[in-house]
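Visitor: Provide a 3D model corresponding to the input given below.
(chains A and B)
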Amino acid sequence: MNNNQESDGYGISVFKPGTPSREKTRGIIFFIVLCLIILVQAFYWLFANAVEPIVLGMPFGMFFIVLFIVIEFITLLIVYLTEEKDSTKGGSI
Amino acid sequence: MPWITVTVIIFIYLFFVMFLGTWAGRGRESSVVEYIAASRNLGFVVMYFLMGGAIFSAFAYLGGPGWAYSKGAASFYILAYCALGLVPWWLWGPRAFRAGQKFHYVTQAQLFTDRFQSKALSVIIAVVSILAFVQYITLQMKGSAYVFEIASGGRIPFWAGALIAYVVVLIYVFYGGVRGVAWTNVFQGIFMVTIAWVLGLYFAFKLYGGPTEMFQQIAAANPTHLLVGPGSKMSFAAYSSALLVSVLGFAMWPHLFMKAYTAKSEKVIKQTIVLYPTFAIFLVPVLFIGFAGIMQVTPDVLGAPDRILPWMFIHMKFPAIIVGLVLAAALAAAMSTQDTITHAAGAIFAQDLVEPLKKEKHTDKEATMWIRISVVGFGAVSYLVAIFGGQTLVSLLLGAYGSIVQLLPLALATFFWPRATKAGAICGLLVGVLYNYGIVLHLIPKFWGIHAGIQGLVINFVVLIVVSLLTKPMDKEHVRKFVDL
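Guide: This next block holds a predicted model:
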């Protein structure tokens, strides 16, 4: 992923040069998790195209979407907090 | 005379917002960076509402209940879209911020133009964005005009209602700049959210004894209303592709890019993204309002589904003060979007269209003046479109509206792919935009109900990559500047 090792310098470059590999792995994991959340939302009807059970006053489909909004929020919060922790080093996805 | 009370409340509200907006921008220097990017120092709370105001539009407030009422489960799309819209921003928001700091950009096109060294690109982006913005604003103006019409019992005609909202927004955008927009959005945001919750829950409990009972009754009366797919109002493919294209496209809107330049720090941008999904939660009761209407009125009696929110009021016999507050909230939704867009459109017209075409550069003071003039001109054009807009014009604007997502490959190439070239960028963008227009004007058939934007995007990416690889790479030192931000 790091174009520093590439000879011509024109390759796809996702991370800042010199990003530690631990941060890169973490970045990729978060990226995949967020992509999955987006896909689950887009294809929610595969999982929850139903009215019953009605949860918290919402039909099941609506509840499922709201649930994933909450999951998304928690995920983003975790990403933010872990990035803040070593923000001194910079370099993030 | 209840309508007088209602109208008076709305006008008090308008004066307050106008005062707040102009007051926020007082005593600031007159420079482009201040006017467009608030001297790059907006803090987290203001930033949050600035971004939120953009999505809490007349569409969400009047259209959301309308969708819930007429399309049922398809309206869940609005929730998911609001929640996810800003997520992709994590990839380029902070980078756009760093680019803005480093190279002193104030608009989105400036970034792409600098990266691809092309004034033509600036002009294409400016034209597409402005047409899309006109469409966007026209919707908001119609929303506000509607509010006035209902509030006054038809005594304030459509043209006058749209004009009043336009003038108020114009005044504080003109004087207050982005700072005025931001502070009015904080106030309007809090106001709207409070009203939405009180109302959504009130209707559900009052008319049905609670949301659970409400949905049970809806499902009993119309089993497919709360589902998507066959037999419902939206097919599986349409739902999924609409959501994907909206999520990808949302963070490409030029005004959001411009907001990246207004932030005080990268931290502020990330905080905004983290908290953005909360806006979607705030929208849940707005949909309840629409669902609550299903058992109360039939579509043919109602006319247009967007009238459901106002209809519910007129038939619930609320006191005039409450009706006034609710309508003021709907107006807030429309105006908080209108101000952001008007401001952005003015800035884009002056900076990305006028500036590159001029031989000599404007001084900072002149440039700010140009933006202010553009703000007024743009508002006037949108107003005329809202009042007189014909069918051809509408499809022209709709095409631009759908074309914004076509800027995505440019953003990704700028930040992640140094090999992308000027020719590739221009060809990709043009093909994507033209394809989208082809579908809007029915020149190209739509495949399997998949959203036109997604199809255009795939072609756009392919063209960008192929043409870039066929042309000579750009200067390495130059392109690395944008990747190594």
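Visitor: Now do A:E84: how many residues are near it, please.
Guide: A:E84 is flanked by 12 other residues according to other Cβ atoms under 10 Å in any protein chain shown. Placement of C-beta: from N, CA and C, glycine included.
Visitor: what sits against A:F64?
Guide: A:44, A:47-48 (Cβ atoms under 8 Å, 6 or more residues apart in numbering or on different chains).
Visitor: which ones are touching the nearest residue to B:Y175 once chain neighbours are set aside?
Guide: Using Cβ to Cβ, 6 or more residues apart in numbering or on different chains and skipping the chain neighbours, the partner closest in space to B:Y175 is B:T22 (4.6 Å). Counting by Cβ under 8 Å, 6+ apart, B:T22 touches B:171-172, B:175-176, B:180.
Visitor: can you do 6 Å?
Guide: B:172, B:175-176 (Cβ atoms under 6 Å, 6 or more residues apart in numbering or on different chains).
Visitor: hmm, which of those are the buried ones?
Guide: B:172, B:175-176 (16 or more other Cβ atoms under 10 Å in any protein chain shown).
Visitor: list the contacts for A:F63?
Guide: So A:F63 contacts A:V55 (Cβ under 6 Å, 6+ apart).
Visitor: Show me which residues of the strand or helix carrying it are buried.
Guide: Assigned by DSSP states H and E, A:F63 falls within helix A:60-85. For helix A:60-85, burial by neighbour count (16+ other Cβ under 10 Å) applies to A:60-66, A:68-69, A:72-73, A:75-76, A:79-80, A:83.
Visitor: So what's the residue count around the closest residue to chain B within chain A?
Guide: Relative to chain B, the nearest point of chain A is A:G57 (3.1 Å; Cβ to the nearest Cβ). A:G57 is flanked by 18 other residues according to other Cβ under 10 Å.
Visitor: what about the closest residue to B:I125 other than its chain neighbours, distance to chain A?
Guide: In space, and not counting its chain neighbours, B:I125 is closest to B:A109: 4.2 Å by Cβ to Cβ, 6+ apart. From B:A109 across to chain A, the span is 23 Å (Cβ to the nearest Cβ, to the nearest Å).
Visitor: List the contacts of B:A109.
Guide: By Cβ under 6 Å, 6+ apart, the neighbours of B:A109 are B:122, B:125-126, B:352.
Visitor: could I get those as TSV with neighbour count?
Guide: Shown next, in TSV, are the contacts of B:A109 (neighbours: other Cβ atoms under 10 Å in any protein chain shown):
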residue	neighbour count
B:S122	24
B:I125	28
B:A126	26
B:D352	28
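Visitor: would you turn these into CSV with distance to B:F16, secondary structure and pLDDT?
Guide: Shown next, in CSV, are those (distance: Cβ to Cβ, whole Å; DSSP: H, G, I helix; E, B strand; the rest coil; pLDDT from 0 to 100):
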residue, distance to B:F16, secondary structure, pLDDT
B:S122, 38, helix, 88
B:I125, 36, helix, 89
B:A126, 34, helix, 88
B:D352, 34, helix, 84
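Visitor: I'd like to know which of those is nearest to B:G93.
Guide: B:I125 (18.2 Å; Cβ to Cβ).
Visitor: So for the strand or helix carrying B:V134, what gets flagged as buried?
Guide: Per DSSP H and E: B:V134 is located in helix B:119-151. Buried residues in helix B:119-151, counting neighbours by 16+ other Cβ under 10 Å, are found at B:121-151.
Visitor: Which SSE is immediately downstream of it?
Guide: helix B:158-208.
Visitor: the inter-axis angle of whichever helix or strand comes after that following helix versus helix B:158-208?
Guide: Helices and strands here follow DSSP H and E; after helix B:158-208, the next one along the chain is helix B:211-221. In terms of direction (axes from the mean of the first three to the mean of the last three Cα atoms, to 10 degrees), helix B:211-221 departs from helix B:158-208 by 100 degrees.
Visitor: What's the local residue count around B:L91?
Guide: Neighbour tally, B:L91, other Cβ under 10 Å: 18.
Visitor: Could you report the separation of it from chain A?
Guide: 7 Å.
Visitor: what's near enough to touch that residue?
Guide: By Cβ under 6 Å, 6+ apart, B:L91 has no neighbours at all.
Visitor: Excluding sequence neighbours, find me the nearest residue to B:E266.
Guide: B:P94 is the one closest to B:E266 (Cβ to Cβ, 6+ apart), at 4.5 Å.
Visitor: In this structure the one you found contacts B:K267, no?
Guide: No. The criterion here is Cβ atoms under 6 Å, and B:P94 misses it with B:K267 at 9.1 Å.
Visitor: So if I had to pick from these two, which one is more boxed in?
Guide: For B:P94 versus B:K267, the count of surrounding residues by other Cβ under 10 Å is larger for B:P94: 24 against 16.
Visitor: Neighbours of B:I12, how many?
Guide: Neighbour number of B:I12 under other Cβ under 10 Å is 12.
Visitor: what's the pLDDT at it?
Guide: With respect to pLDDT, B:I12 scores 87.
Visitor: Contacts only, for the residue of chain A closest to chain B.
Guide: B:211-212.
Visitor: what's the spacing between it and A:Q41?
Guide: 21 Å (Cβ to Cβ, to the nearest Å).
Visitor: which is the next helix or strand following the lowest-mean-pLDDT helix or strand in chain B?
Guide: Here the helix or strand of chain B ranked lowest by mean pLDDT, DSSP states H and E is helix B:58, holding a mean of 61. Counting by DSSP H and E, the next helix or strand C-terminal to helix B:58 is helix B:64-70.
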